[in-house]
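Asks: Sequence plus predicted model, see below.
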Amino acid sequence: MRSTGLAGLAVALVLSIGSSSALAQYIWLDSKGVKQYSDMPPPPSVPTGKILKSLGKALSGAPEKAAEETEKDSEMTKKAPPTLADQNADFQKRRMAQAEKDKEAEQKAKQAADAKKNCERASAYNRALESGQRVVRTDQAGERVFLSDEEREQEIRESRRALNQCK
């Protein structure tokens with residue numbers, strides 16, 4: 001029994017020594033900043049500053065810091081997929097923006113309709129003034145007053161100016 005235990009221990013010891021040689025002997029950062037592990041040397045296109053470990057020797061200081069910074073940069077550039085709350089917030093923003101656009105479009109349409117109606121009124125008033133028929137106004141006392149020829153000409157000029165803005 002004793003020999004079986006010692007034989008098992010010896011086999012375990014031999015296997016553990018052999019497995020250490022299977023560990024990666026080279027570690028470097030590729031062009032995307034991802035660590036690469038291999039028992040083969042890195043390709044010649046990898047700069048020496050990006051090689052973190054070679055032939056069982058870890059390079060000191062600067063490359064490790066550069067590797068950490070590169071990893072941090074690559075993590076920052078990668079965005080995590082949006083959460084349900086983020087998606088909901090984005091949806092609400094788009095919905096509010098669309099509601100504002102719809103409200104502005106409705107206001108513009110109302111203003112355009114009002115402007116068209118005012119232009120039609122100005123056109124009708126101008127036709128009445130130019131037709132030669134007598135135009136009546138009420139004064140402050142509520143009495144009817146007919147426009148004189150000078151007042152009529154002035155009203156025609158003003159109505160034409162208003163009609164020019166309609167075009």
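Replies: Cool, got the structure.

Asks: if I look at Arg94, how far off is Leu84?
Replies: Arg94 is 16 Å from Leu84, where distance means C-beta to C-beta, to the nearest Å. Just so you know, the C-beta spots here come from the backbone N, C-alpha and C atoms, and that holds for glycine as well.

Asks: quick one, which of those two is more surrounded?
Replies: Neighbour count, other C-beta atoms under 10 Å: between Arg94 and Leu84, Arg94 has more, with 10 against 7.

Asks: Against Asp102, how distant is that one?
Replies: Distance check for Arg94 against Asp102: by C-beta to C-beta, it reads 12 Å.

Asks: and if you look at Gly33?
Replies: To Asp102, Gly33 is 46 Å away according to C-beta to C-beta.

Asks: who's more crowded, these two?
Replies: Gly33 (17 against 10).

Asks: Can you show me the helices along the protein?
Replies: Under the criterion DSSP state H, the chain contains helices at 2-20, 62-77, 84-130, 149-166.

Asks: Which of those helices has the lowest mean pLDDT?
Replies: In terms of mean pLDDT, the lowest-scoring of the helices of the chain is helix 62-77 (a mean of 57).

Asks: sorry, back to before: figure out which of the helices of the chain is closest to Ile51.
Replies: Among the helices of the chain, helix 62-77 comes nearest to Ile51, with 6.8 Å by C-beta to C-beta.

Asks: No further questions, thank you.
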